[in-house]
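Enquirer: sequence first, then the predicted structure, then my questions.
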Amino acid sequence: MRKRLVPRITVLTLATMIAVGSVPAFADSKTSVQLDPEMANLEQAATTLIDHVVVDAKVVRLGDLFTNAGEKSEVSVAYAPDPGQRAIFDARWLYRVAHAYKLDWRPFGAQTQAVVERASISIPRDEIKTQILFELADQGVTEEMDVEFATRFQEIYLPASADPVVKVENMNYQPRTGRFTAIIVAGQGVDMERLRMTGRAFRTVDVPVLKSRVLRGDMITEDNVQWVRMKAERVQNDIIVDASDLIGKTPKRGVRAGSPVRGNDVMRPVLVEKNSLVTIIHHMPNMMLTAQGKALQNGADGDVVQIKNGRSNQVIEAEVIGPGRVAVRTLTQQISMSLN
């Protein structure tokens, strides 16, 4: 993978080489350039410097850098930077080029410079990743996968005239380790770039997490849940991966939004609290009886808890059916429910 460095300029014409001599074509913007005192104080002439220009050719021409260059505008004076890169021409180099071609121009001072960029199009990292995943699928990998590259880069740059296509020309994948080596071909024809990339493919799992903080006692709803993709190797056995195991529950303690939720981080909401007053409901044929009682246990929806009848002081078992409400099931009802 080509490093994005400020490249060197090669002077193309013999006349420029003779006049300019062996000097750096590009100077880093931090480089200190010493000029003759009288040069630094001269006023700018009719020819002016174009201090920032974008070129779409492989060379930089005199007219790209200076106005009023006349018939010399098309003279090539340096190679253009690679697509996606830029080059900085310092004051000394610019003055010597202008002098070599008899342009009436001098820099204001040592900080004068011209920045040249190459017109380009980019192929983003995600597009390259997609092509590698397609190639893995062609090689028989059926699981949900993602890839990480051994080198950090964001995109591949091609000349502005290039066709922004990318494909995997060759790929070597090791299923045991997940390591791969791929030859990536970007663009076509004379603008084609061929790059060797290495990295690792890994299996992924979609995990439900909370969008925002949910307080203890509040029920988690479907609207509270979003999905994130994680490396399967990082998903431990107690992490909830099924949204149905999260929806309808309440946090036992604070659960950070966006983080995987463990099974013991949530519980069913308590609808009947210990020592609270509850309504006891008893359904009979063509009749519903109600009474007041005291809960002797905490209970969530569907739990069977002990209730002390407020009138008879008799302790009975009833099923929690809602906040502050329990139902007494007859033997016939219990047998019917167990059969269902």
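Expert: It's in.

Enquirer: use CA for all of it now, contacts and neighbours both
Expert: Fine.

Enquirer: in this protein, which spans are helices?
Expert: In the chain, the helices defined using DSSP state H lie at 14-20, 37-40, 62-65, 91-100, 125-138, 331-339.

Enquirer: which residue sits closest to residue 150, ignoring its sequence neighbours?
Expert: residue 199 (4.6 Å; Cα to Cα, 6 or more residues apart in numbering).

Enquirer: how about residue 225?
Expert: Residue 225's closest residue in space is residue 210 (Cα to Cα, 6+ apart), at 4.8 Å.

Enquirer: and that neighbour, how far from residue 262?
Expert: Counting by Cα to Cα, to the nearest Å, the gap from residue 210 to residue 262 is 12 Å.

Enquirer: residue 72 too?
Expert: 72 Å.

Enquirer: same thing with residue 136?
Expert: 32 Å.

Enquirer: which of the two has more residues huddled nearby?
Expert: Each of residue 136 and residue 262 has its neighbours counted (other Cα atoms under 10 Å); residue 136 has more, 19 against 15.

Enquirer: show me where the stretch 201-340 of the chain has strands.
Expert: With strands called from DSSP state E, counting those that start in this stretch, the stretch 201-340 of the chain shows them at 225-231, 250-251, 266-267, 270-272, 277-284, 287-295, 299-300, 304-309, 315-322, 325-328.

Enquirer: okay, now the nearest residue to residue 193 once chain neighbours are set aside: neighbour count?
Expert: Leaving aside its chain neighbours, residue 193 sits nearest to residue 186 (5.1 Å; criterion: Cα to Cα, 6+ apart). By other Cα under 10 Å, 25 other residues sit near residue 186.

Enquirer: excluding chain neighbours, what is closest to residue 315?
Expert: Once flanking residues are discounted, residue 315 sits nearest to residue 308: 4.4 Å by Cα to Cα, 6+ apart.

Enquirer: for residue 292, that is, sorry about that
Expert: residue 279 (4.9 Å).

Enquirer: measure the one you found to residue 142 for me?
Expert: Applying Cα to Cα to residue 279 and residue 142 gives a distance of 55 Å.

Enquirer: between these two, who's got more neighbours?
Expert: residue 279 (19 against 10).

Enquirer: can you pull the contacts of that one?
Expert: For residue 279, the contact set (Cα atoms under 8 Å, 6 or more residues apart in numbering) comprises 290, 291, 292, 293, 324, 325, 326.

Enquirer: neighbour-wise, which of those residues leads?
Expert: Result: residue 326 is most packed of those (other Cα under 10 Å), 30 neighbours.

Enquirer: from memory that residue sits against residue 309, does it?
Expert: No. With contacts counted by Cα atoms under 8 Å, residue 326 stays clear of residue 309, the gap being 11.7 Å.

Enquirer: for this protein, which residue is closest to the average position?
Expert: Note on the chain: the residue nearest the mean C-alpha position is residue 126, at 9.0 Å, using Cα atoms, centre = their mean.
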